[in-house]
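Colleague: take this sequence and fold it.
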Amino acid sequence: MKSSIAALIEWCDEYSVGVADVDLQHKRLIFLLNEINLIDNVRKNKNNHIMDLLEQLNEYADYHFQSEEALLHEHLTTHEATDGHLAAHRSYWVIMDELKKRHQDGDASVTEELVVYLNRWWINHILETDRQMGAELNRLGIH
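Modeller: Below is the predicted model of the structure:
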């Protein structure tokens, strides 16, 4: 099965949530996603190298989620979207655990699925969930 080429993601103002620390973290996450996309495009020793990069991405994702959740708990505890935001973070880990297990079990198709999922999930999460959080934090004077 031929893999589609993953496009590199270029940071643009549309990805900004208006909170400087969160935007810096998102830029780092996009950098790590692009590292995975490059390896997927080259397809040279991709499975093991992508899994190594996935571990780096997930370590940073854990830090990032903790940072966002601290902001949510400190400033938006009663906001209606907070529960959905936290649920999105939890669902990310559920899917990651499933994909990693499939890789460990030798599922050769998981690499392409993983790359597609990561790109789609992170961009959608930033553009929808995180931008909503950023708008609410901006209303409170947090930038």
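Colleague: got the phi and psi for residue 77?
Modeller: Main-chain dihedrals, residue 77, degrees, to the nearest 10: phi -60, psi -30.
Colleague: which residues touch residue 125?
Modeller: Residue 125 makes contacts with 88, 92, as judged by C-beta atoms under 8 Å, 6 or more residues apart in numbering. C-beta here means a position set from N, CA and C on the backbone, and glycine is covered the same way.
Colleague: how close does it sit to residue 101?
Modeller: 22 Å (C-beta to C-beta, to the nearest Å).
Colleague: residue 94 now?
Modeller: 11 Å.
Colleague: tell me the SS of residue 141?
Modeller: coil (DSSP: H, G, I helix; E, B strand; the rest coil).
Colleague: poorly predicted segments of this structure, please.
Modeller: By pLDDT under 70, the weakly predicted segments of the chain are 1-5, 40-48.
Colleague: and the strands in it?
Modeller: With DSSP state E as the criterion, the chain has no strands.
Colleague: can you pull out the helices in it?
Modeller: Assigned by DSSP state H, the helices in the chain fall at 20-42, 46-75, 82-104, 110-124, 131-139.
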